[in-house]
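Trainee: Sequence first, then the predicted structure, then my questions.
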Amino acid sequence: MAEGRDASGRFDKGNPGGPGRPKRSVELALEMRRLLAITEAVSDDDWREIVATAVKKAKAGDARARDWLTAHLVLPELESLEEWRESQAMYDTIAEAARRAA
């Protein structure tokens, strides 16, 4: 068994466990940095070509292409329009800081 755990795999009494999950703000900042890296690597023309290909495949019955389009057309994993606005504001802040640092 791993050190600090009992025979069932649970933390032993007095073991504080791991660092835990990062705060939502930390996770969101990381997501935004990753999104910025992707948006800088993929041009608008590249993206249009990718989307056009997915549309053609979805129309031809490709379920994976249809699911991919759905995931990008619907605000994914956002609980509200307010959360979307907050994520956009954070993205804009990170993008501006990255541009200034470049």
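Mentor: In hand now; what should we look at? Numbers count the residues shown, from 1 in each chain.

Trainee: How far does the longest helix along the chain sit from its chain's centre?
Mentor: As assigned by DSSP state H, the longest helix anywhere in the chain is helix 81-101. Centroid separation between helix 81-101 and its chain, computed with C-alpha atoms, centre = their mean, to the nearest Å, is 14 Å.

Trainee: Which helix or strand in this structure has the lowest average pLDDT?
Mentor: helix 81-101 (a mean of 73; mean pLDDT, DSSP states H and E).

Trainee: Just the buried residues of the longest helix of the chain, please?
Mentor: The neighbour-count check on helix 81-101 (16 or more other C-beta atoms under 10 Å) flags 87, 91, 94-95 as buried. For glycine as for every other residue, the C-beta is placed from the backbone atoms N, C-alpha and C.

Trainee: Nearest to Val26, out of the residues you listed: which one, please.
Mentor: Ile94 (12.7 Å; C-beta to C-beta).

Trainee: what's near enough to touch the closest one?
Mentor: 29, 32-33, 36 (C-beta atoms under 8 Å, 6 or more residues apart in numbering).

Trainee: buried subset of those residues?
Mentor: 29, 32, 36.

Trainee: Helix or strand: which one has the second one?
Mentor: Under the criterion of DSSP states H and E, Met32 resides in helix 24-41.

Trainee: ok and that helix relative to helix 81-101, angle-wise?
Mentor: Here helix 24-41 runs at 60 degrees with respect to helix 81-101, directions being taken by axes from the mean of the first three to the mean of the last three C-alpha atoms, to 10 degrees.

Trainee: Extract the residue ranges of this protein that are flagged as low pLDDT.
Mentor: 1-2, 22, 74-82, 84, 102 (pLDDT under 70).

Trainee: before we move on, could you check phi and psi at Arg5?
Mentor: Main-chain torsions, Arg5, degrees, to the nearest 10: phi -130, psi 160.

Trainee: Roughly how far does it sit from Arg21?
Mentor: Distance of Arg5 to Arg21, computed by C-beta to C-beta, to the nearest Å: 19 Å.
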